[in-house]
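Novice: Sequence below, structure please.
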Amino acid sequence: MVETTEQLERQLANAHDQLNSNLEVLETKTKELTDWRAQFDKRPLLLLGLAFGGGLLASGVVGGGRRSSAPQPDASDGRAMAYRAPQQPSPLNKHWGNVRDTLAAVATGAALELLHEAVPGFKEHYDRIKHHVA
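Specialist: Numbering: from 1, shown residues only. Just a heads-up that it's a prediction; the model follows:
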């Protein structure tokens, strides 16, 4: 089966055209996936949940270092400074912690779902690792 130069050139040209076509499709999909406005139009609740979860996470990281369990001085009445005992967390704070943890779990699940759609083969790789670790 000897191929002529013309046949080889045609095959190379066809392969080149196929690669160009594949690259154009890939570029279009990449632009689509990275356009947050288009993603928001498709999944507004998912992205709002991710934004809310990210905000909670950021507030925990940034605002988390301000509280101290050490007694704080109290000189509001003008007398000698006395120390107040640390306050126990209120039930509302405990419930808020549960809500925050639940929203973080939902945001994580949503981010994984987005990755499953955006990255070919991610779901299979993630499931394989998850199964191997468990």
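
Novice: Could you pull out the helices in the chain for me?
Specialist: 5-34, 36-42, 44-63, 91-118, 122-133 (DSSP state H).

Novice: Which residues does the shortest one contact?
Specialist: The reference is to helix 36-42. 32-33, 47, 114 (Cβ atoms under 8 Å, 6 or more residues apart in numbering). In this view, the C-beta of every residue, glycine as well, is placed from N, C-alpha and C.

Novice: Dump the helices of the chain to TSV, plus mean neighbour count.
Specialist: Output for the helices of the chain, formatted as TSV (neighbours: other Cβ atoms under 10 Å):
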stretch	mean neighbour count
helix 5-34	10
helix 36-42	12
helix 44-63	13
helix 91-118	13
helix 122-133	10
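
Novice: Geometric centre of this structure: which residue is closest?
Specialist: For the chain, residue 111 is the residue whose C-alpha lies nearest the centre (Cα atoms, centre = their mean; 4.4 Å).

Novice: How about the contacts made by that residue?
Specialist: Contacts for residue 111 (Cβ under 8 Å, 6+ apart) come out as residue 50.
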